[in-house]
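*Asks:* next input, structure requested:
(2 chains)
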Protein chains: 2
Amino acid sequence: MKLATLKAGGRDGTLVVVSRDLVTCQAVPEIARTLQAALDDWERSAPQLQKVYQQLNDGTADQADSFIEMECHSPLPRAYQWADGSAYINHVELVRKARNAEVPASFYTDPLMYQGGGDAFIGPCDPIAALSEDWGIDLEAEVAVVTGDVPMGASIEQAAQSIRLVMLVNDVSLRNLIPGELAKGFGFYQSKPASAFSPVAVTPDELGEAWADSKLHLPLRVTLNDQLFGKPNAGEDMTFSFAQLIAHAAKTRELGAGSIIGSGTVSNKQGNLHGSSIANGGVGYCCLAEVRMYETIEHGAPKTPFLRFGDSVRIEMLDVTGASIFGAIDHEVAHYHGRKE
Amino acid sequence: MKLATLKAGGRDGTLVVVSRDLVTCQAVPEIARTLQAALDDWERSAPQLQKVYQQLNDGTADQADSFIEMECHSPLPRAYQWADGSAYINHVELVRKARNAEVPASFYTDPLMYQGGGDAFIGPCDPIAALSEDWGIDLEAEVAVVTGDVPMGASIEQAAQSIRLVMLVNDVSLRNLIPGELAKGFGFYQSKPASAFSPVAVTPDELGEAWADSKLHLPLRVTLNDQLFGKPNAGEDMTFSFAQLIAHAAKTRELGAGSIIGSGTVSNKQGNLHGSSIANGGVGYCCLAEVRMYETIEHGAPKTPFLRFGDSVRIEMLDVTGASIFGAIDHEVAHYHGRKE
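*Replies:* Residues are numbered from 1 along each chain as shown, chains lettered A, B, ... in the order given. Next comes the predicted model:
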């Protein structure tokens, strides 16, 4: 089934079930007012939500409204746990190759993961707000899953079974703040501001054969200023599955229902250069940093700039029939002008 | 005023107002069912909560119950943002001195901060659960604040004004996992499992003169296995105030209401050795890593072990009359045996 959160209704918005074709939706306050509430009580809520989903798809739902992506917040407008892996080691290899450094052998067996903050996600069609273009604003197009409760020390199988929902992410990154921050040794903080998620989150069964081995085997489409920028397959070159990433996250702690675990920037290897642009016949990229690294390797210096105010980013995934699965993250970079009340 | 969260009532528990002497409390479902709900709507809820607090202190509350710390969860059983600074640079100096390394000059002007996870905090009297003593289980006794909404790029003054509540923390750390994890470059994740907070959170005005310049000027008392282990003053040697830490956290993002910002391990300098134990006449420590570093500097090797299953930790702060302000974090280290339902 497909779920989304409309902005109306307070900080956590209003949970709606969305039809498979993303045309209609229905609020379900008698089942759960918010997605977090549904996840907190999934055994009870999921079958009831599934029934509404069936009715929406059959055209028999009695309170169906039009589904409008622009009215959506991220499925979880705020989350208690947002941890992002870096499962596409090609992305890491490319970064390292650009500065003639080796990738440690452990990176192929022990996932990289950073702890993100979940208090104020960006809505899928809301601006990426920043105070300065000098921060080096970049997108990172990714896939993420939402878990149920996961015990400490969960096995890969337990981790796989804990996956409740799948969605897309733009893990906005401030590239020019990263080197200084990582040099301090405590990881990312200022360089990883609020992320945005796709309007719709879907259960794994909804993905059919595209969901296999806890990976999503479809191209992730990234458009920059209306030009196709990347279409790498999220199922290829993913060194660690979502089950492995969840098990990594849960090694020393329990994960609470509603934890979001990200894949890291989707990246396909495409030969020795670790990447190639759409214009060069490759599958392109899911972040600007990669094309800049590719340019550095090929030409000695990057030439593609980071995002500027007014630039637009669209992230989407289509099924084999060409239909959008999750709706689109579709937003512009904008100068921050204070909190919206 | 003083607020706490009883475990009863679901994942987010039940908000109660607590009398100043921590003897009575009253649930306030007509004002807010949970602390997060109160923080989400603080302008409305705070004056009403304050009225109940006054009644509890006057003995005129009509639904007062006994307040029992053992029945408490952390004030926010889960939080959307938990970021922990490292504001006591003496702690960093001690770590570095033990390995003959210098502290970078920037550490005195640019706060260290790591992003924690907030999905499953430990209750103040619940066990520190781990799967192995080999992880090097350590406490970190700290002070933390809870903020309201903070705009991106907040000034120090705005940050100071955003502080809603103050509480204590045990930021449990797994020392033996830290070196390997930090070497990967993405910061802490597995080495910083769930934290515990004091039973009671208090508004800054409740602290009187002890709250000045966004710092809490009272000793933090740490007891290990019923022996006093540390009593450093949280207002001394704090290089960055909470206002500075909040402004750092908000530099590139908004912070949502209910964000928790921690001080880092409280640590007083006490002369050239950067520390001295209670037995040696010093103020002692707020984590085992510091006494082990002190032992390394003095004797060439650490001799105090990390925490073992069955060890107990108590963290508390007394006012000038000797009364407990926040109640006590008081728990044992235990082997993890699966999720409690």
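
*Asks:* and the closest residue to chain B within the stretch 151-300 of chain A, how many neighbours?
*Replies:* The nearest approach of the stretch 151-300 of chain A to chain B comes at residue A:187, 1.6 Å away (CB to the nearest CB). C-beta: built from backbone N, CA, C; applies to glycine. Neighbours of residue A:187 under the rule other CB atoms under 10 Å in any protein chain shown: 23.

*Asks:* now swap in the one 10 residues further on and tell me
*Replies:* When counting by other CB under 10 Å, one arrives at 32 neighbours for residue A:197.

*Asks:* name the nearest residue to it, ignoring sequence neighbours.
*Replies:* Take residue A:197 and drop its neighbours on the chain: the residue closest to it by CB to CB, 6 or more residues apart in numbering or on different chains is residue A:74, 3.8 Å away.

*Asks:* and the stretch 151-300 of chain A, which of its residues are near chain B?
*Replies:* When proximity is defined as CB under 8 Å from any CB of the partner chain, the stretch 151-300 of chain A approaches chain B at A:151-153, A:174, A:177, A:182, A:184-194, A:248-249, A:251-259.

*Asks:* and those residues, which are buried?
*Replies:* A:151-153, A:174, A:177, A:184, A:186-194, A:248-249, A:251-259 (16 or more other CB atoms under 10 Å in any protein chain shown).

*Asks:* please flag which of those residues sit within strands.
*Replies:* In this view, these that belong to strands under DSSP state E are residue A:174.

*Asks:* among the buried ones among the residues of the stretch 151-300 of chain A next to chain B, which ones are in helices?
*Replies:* A:248-249 (DSSP state H).

*Asks:* give me the neighbour count for the closest residue to residue A:316 other than its chain neighbours.
*Replies:* Nearest non-adjacent residue to residue A:316, counting by CB to CB, 6+ apart: residue A:328, 4.2 Å away. Residue A:328 has 21 neighbours, counted by other CB under 10 Å.

*Asks:* what about the helix or strand in which residue A:4 is found, near chain B?
*Replies:* Assigned by DSSP states H and E, residue A:4 belongs to strand A:2-6. No: using CB under 8 Å from any CB, strand A:2-6 stays clear of chain B, coming no nearer than 14.7 Å.

*Asks:* whichever helix or strand comes after that strand versus strand A:2-6: what angle between them?
*Replies:* As assigned by DSSP H and E, the chain's next helix or strand after strand A:2-6 is strand A:14-18. Counting by axes from the mean of the first three to the mean of the last three CA atoms, to 10 degrees, strand A:14-18 lies at 150 degrees to strand A:2-6.

*Asks:* wait, does strand A:14-18 contact chain B?
*Replies:* No: for strand A:14-18, no contact with chain B is found by CB under 8 Å from any CB; the gap never falls below 15.3 Å.

*Asks:* which other helices and strands contact that strand?
*Replies:* Other elements packing on strand A:14-18 under the criterion 3 or more CB pairs under 8 Å, 6 or more residues apart in numbering or on different chains; DSSP states H and E are strand A:2-6, strand A:24-27, helix A:35-40, helix A:42-58.

*Asks:* could you dump those into JSON lines with mean neighbour count added?
*Replies:* JSON lines is the format used below for the helices and strands packed on strand A:14-18 (neighbours: other CB atoms under 10 Å in any protein chain shown):
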{"stretch": "strand A:2-6", "mean neighbour count": "25"}
{"stretch": "strand A:24-27", "mean neighbour count": "21"}
{"stretch": "helix A:35-40", "mean neighbour count": "24"}
{"stretch": "helix A:42-58", "mean neighbour count": "16"}
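
*Asks:* circling back to that earlier point, now do the contacts for the residue nearest to the residue of the stretch 151-300 of chain A closest to chain B when sequence neighbours are not counted.
*Replies:* Using CB to CB, 6+ apart and skipping residues adjacent in sequence, the residue nearest residue A:187 is residue B:187, 1.6 Å away. By CB atoms under 8 Å, 6 or more residues apart in numbering or on different chains, residue B:187 lies in contact with A:114-115, A:185-188, B:114-115, B:181.

*Asks:* residue A:297 now?
*Replies:* The neighbours of residue A:297, taking CB under 8 Å, 6+ apart as the test, are A:94, A:97-98, A:273-274.

*Asks:* after the helix or strand of chain A with the lowest mean pLDDT, which helix or strand is next?
*Replies:* Least confident element among the helices and strands of chain A, by mean pLDDT, DSSP states H and E: helix A:89-98 (a mean of 84). Proceeding N to C from helix A:89-98, the next assigned helix or strand is strand A:113-116, under DSSP H and E.

*Asks:* which neighbouring elements make contact with that next one?
*Replies:* Here strand A:113-116 touches strand A:82-85, helix A:242-249, strand B:113-116, going by 3+ CB pairs under 8 Å, 6+ apart.

*Asks:* and those: which comes nearest residue B:128?
*Replies:* Residue B:128 lies closest, by CB to CB, to one member of the helices and strands packed on strand A:113-116: strand B:113-116, at 15.2 Å.

*Asks:* is whatever helix or strand comes next after that closest one positioned near chain A?
*Replies:* Of the helices and strands lying after strand B:113-116 in sequence (DSSP H and E), the nearest is strand B:128-130. Yes: Strand B:128-130 is in contact with chain A by CB under 8 Å from any CB, via B:129-130.

*Asks:* how far off centre is whichever helix or strand comes after strand B:128-130?
*Replies:* Next helix or strand after strand B:128-130 toward the C-terminus (DSSP H and E): strand B:137-138. Chain-centre distance of strand B:137-138: 15 Å, with CA atoms, centre = their mean, to the nearest Å.

*Asks:* then stretch A:206-217?
*Replies:* 15 Å.

*Asks:* what do you get for stretch A:114-125?
*Replies:* Distance, stretch centre to chain centre, for stretch A:114-125: 10 Å (CA atoms, centre = their mean).

*Asks:* pLDDT on that stretch, on average?
*Replies:* For stretch A:114-125, the mean per-residue pLDDT is 97.

*Asks:* check stretch A:278-296 too.
*Replies:* 93.

*Asks:* buried residues in that stretch, which are they?
*Replies:* Judged by neighbour count (16+ other CB under 10 Å), stretch A:278-296 contains these buried residues: A:278, A:282-296.

*Asks:* list the contacts of that stretch.
*Replies:* Residues contacting stretch A:278-296 (CB under 8 Å, 6+ apart): A:91, A:94-95, A:97-98, A:138-142, A:173, A:175, A:219-220, A:222, A:228-233, A:265-268, A:270, A:273-277, A:301-307.

*Asks:* so how do I select the buried members of these in ChimeraX?
*Replies:* To isolate the buried ones among those in ChimeraX, judged by 16+ other CB under 10 Å, type:
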select /A:91,94,95,97,98,138,139,140,141,142,173,175,219,220,222,229,230,231,232,233,265,266,267,268,270,274,275,276,277,302,306,307
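
*Asks:* now, which of the contacts of stretch A:278-296 lie within helices?
*Replies:* Counting by DSSP H, the part of the contacts of stretch A:278-296 found in helices is A:91, A:94-95, A:97-98.

*Asks:* list just the nearest of these to residue B:132.
*Replies:* Lowest distance from residue B:132 to those (CB to CB) belongs to residue A:91, with 31.8 Å.
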